[in-house]
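>>> I would like to see how this sequence folds:
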Amino acid sequence: MKDKRGIRYSGSSGLKLIQSLYSQGQFVFSIEDADQIGREIGLSPFSVRICLSEMIASGWIKRIRRGLYVGTGSLPGFLNVPSFVIATQLVRPSAISHWSALSHHDLIEQIPQQVFATTTKKVVTPSMRDSKTKRSNSHSWIIEGVSYRFITVKPEHFFGWEEVWLDEHFRVPVFVKERALLDIFATPAFLEG
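The predicted structure follows:
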């Protein structure tokens, strides 16, 4: 198969693209990341988009928001990306916070129903654009059945986090125990976690 410029592409090109991204530790990647790797392996930007579309259709990757993709782990040797990684890549900068941070630090026994993250950016979720849910006080991203909830703070209040290794492949910013506890008491609206 050829793209509009006559450059050949195939499923193997898409697989090579994803393998190259993974080999560089890019398990969640942007269209710009894919374009850069595509150039390195001889794909035009148009061919990269075709490859990404084919890989989404085959279930090898998932689009989590406009221009941002994650591998599904459905290919042999590929990894499932933890929800904490997806949360901190959906909105940058952000850090795992509130109930999710408390759970990570083993300070609570129950597993939160949502992944909580704090950011300095104003977040607009898909549910905020939906006229049926605009009046709701609880907006979150839902990806593969996991709910991601973002709390926006002023830049001077974005402190008290550290980079934590989840396993040998994934490292994320997580609020330290004391900050996570402080946030639960400072923002009682999130006590229903």
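>>> Need the three-state assignment for the nearest residue to His98 once chain neighbours are set aside.
Spatial nearest neighbour of His98, chain neighbours left out: Phe116 (3.8 Å); criterion: C-beta to C-beta, 6 or more residues apart in numbering. Yep, even glycine has a C-beta here, placed from its N, CA and C like the rest. Secondary structure, DSSP: H, G, I helix; E, B strand; the rest coil: Phe116 is strand.
>>> quick one: pLDDT of Ile61?
Note on Ile61: pLDDT of 94.
>>> Surely it touches Val70?
Yes: using C-beta atoms under 8 Å, Ile61 is in contact with Val70, at 6.6 Å.
>>> Settle it for me: which of these two has more neighbours?
Ile61 (26 against 20; other C-beta atoms under 10 Å).
>>> Let me see the contact set for that one.
For Ile61, the contact set (C-beta atoms under 8 Å, 6 or more residues apart in numbering) comprises 18, 52, 55, 69-72.
>>> so what does the helix or strand of the chain with the lowest mean pLDDT touch, helix or strand wise?
Here the helix or strand of the chain ranked lowest by mean pLDDT, DSSP states H and E is helix 126-129, holding a mean of 76. Applying 3 or more C-beta pairs under 8 Å, 6 or more residues apart in numbering; DSSP states H and E, one finds that helix 126-129 contacts strand 141-143.
>>> how about the strand it packs on: buried residues?
141, 143 (16 or more other C-beta atoms under 10 Å).
>>> Ok, stretch 57-68 next?
The neighbour-count check on stretch 57-68 (16+ other C-beta under 10 Å) flags 60-62, 64, 68 as buried.
>>> returning to what we had before: okay, the least confident helix or strand of the chain in PDB with CA atoms only?
Presented in PDB, the C-alpha positions along helix 126-129 are these (Å, rounded to 0.1, in the frame of the first residue of the first chain):
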ATOM      1  CA  PRO A 126     -14.700  15.100  27.600                       C
ATOM      2  CA  SER A 127     -17.500  15.000  30.100                       C
ATOM      3  CA  MET A 128     -17.300  18.800  30.400                       C
ATOM      4  CA  ARG A 129     -18.100  19.200  26.700                       C
END
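>>> in the protein, which spans are strands?
Using DSSP state E, the strands found in the chain span residues 28-30, 61-65, 68-71, 94-96, 114-119, 141-143, 146-152, 161-165, 171-175.
>>> Number of residues surrounding Ala117?
Ala117: 28 neighbours (other C-beta under 10 Å).
>>> And it, how far from Ile86?
With distances taken as C-beta to C-beta, to the nearest Å, Ala117 is found 10 Å from Ile86.
>>> cool, and Ala34?
Using C-beta to C-beta, Ala34 is found at 17 Å from Ile86.
>>> next one: Leu17
20 Å.
>>> hang on, the residue nearest to His98 packs against Ser100?
Yes: between Phe116 and Ser100 there is a contact under C-beta under 8 Å: 4.4 Å.
>>> Make a markdown table from the buried residues of stretch 57-68 and add distance to Pro155 to it.
Shown next, in a markdown table, are the buried residues of stretch 57-68 (distance: C-beta to C-beta, whole Å):
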| residue | distance to Pro155 |
| --- | --- |
| Trp60 | 37 |
| Ile61 | 33 |
| Lys62 | 31 |
| Ile64 | 25 |
| Leu68 | 23 |
